[in-house]
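Q: What follows is a predicted protein model with its sequence.
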Amino acid sequence: MYASLLLYSAGKEINEENLKKVVEATGTEPDLAQIKAIVSSLKGVNIEEVIKKGLASAPQPQAQQPAQTEAKPKEEKKEEEKKEEEEISAEGLGALFG
């Protein structure tokens, strides 16, 4: 589908040959069955109209309000960090190997 959008934006015809070239340009092996399916599914489709409709029906971004979080005192954060460091150092390299 991305290849067909690239072709559309470049003003090229969306056909099997062009899709195959685009896919090959990425260094991957094209799946001819998928290419045929895409070409046949796009026959008679006005891509510009589909894009316009998609953009019109897309949810509009809303201004996000700052998240309400509880502020922990700095002492609690320091204690948590110390506990985490102690747990990591207690495990040591032995925990990594086994």
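A: Cool, got the structure.

Q: switch to C-alpha atoms for all contacts and neighbour counts from now on
A: Noted.

Q: Check which helices and strands the helix or strand where Lys21 lies is in contact with.
A: Element membership for Lys21, per DSSP states H and E: helix 16-25. In this structure, helix 16-25 packs against helix 2-10, helix 32-42, with contacts taken as 3 or more CA pairs under 8 Å, 6 or more residues apart in numbering; DSSP states H and E.

Q: Show me what counts as buried in the last one.
A: Along helix 32-42, the positions that meet the burial threshold by neighbour count (16 or more other CA atoms under 10 Å) are 35, 38.

Q: For it, output the C-alpha coordinates as CSV.
A: What follows is helix 32-42, C-alpha atoms only, in CSV (Å, rounded to 0.1, in the frame of the first residue of the first chain):
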residue,chain,number,x,y,z
LEU,A,32,3.5,-10.8,-6.8
ALA,A,33,0.2,-12.1,-5.4
GLN,A,34,0.0,-9.1,-3.0
ILE,A,35,0.9,-6.7,-5.8
LYS,A,36,-1.9,-8.1,-8.0
ALA,A,37,-4.3,-7.9,-5.1
ILE,A,38,-3.4,-4.3,-4.4
VAL,A,39,-3.7,-3.2,-8.1
SER,A,40,-7.1,-4.9,-8.5
SER,A,41,-8.4,-3.5,-5.2
LEU,A,42,-7.4,0.1,-6.3
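
Q: following that helix, which helix or strand shows up next?
A: Later in the chain than helix 32-42, the nearest helix or strand by DSSP H and E is helix 47-57.

Q: Extract the CA atoms of that next one and return them as PDB.
A: Written as PDB, here are the backbone C-alpha positions of helix 47-57 (Å, rounded to 0.1, in the frame of the first residue of the first chain):
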ATOM      1  CA  ILE A  47      -7.200   8.000  -4.100                       C
ATOM      2  CA  GLU A  48      -7.400  11.700  -3.700                       C
ATOM      3  CA  GLU A  49     -11.000  11.500  -2.500                       C
ATOM      4  CA  VAL A  50     -10.100   8.600  -0.100                       C
ATOM      5  CA  ILE A  51      -7.300  10.700   1.400                       C
ATOM      6  CA  LYS A  52      -9.600  13.800   1.800                       C
ATOM      7  CA  LYS A  53     -12.300  11.700   3.400                       C
ATOM      8  CA  GLY A  54      -9.700  10.100   5.700                       C
ATOM      9  CA  LEU A  55      -8.400  13.400   6.800                       C
ATOM     10  CA  ALA A  56     -11.800  14.800   7.300                       C
ATOM     11  CA  SER A  57     -12.900  12.000   9.500                       C
END
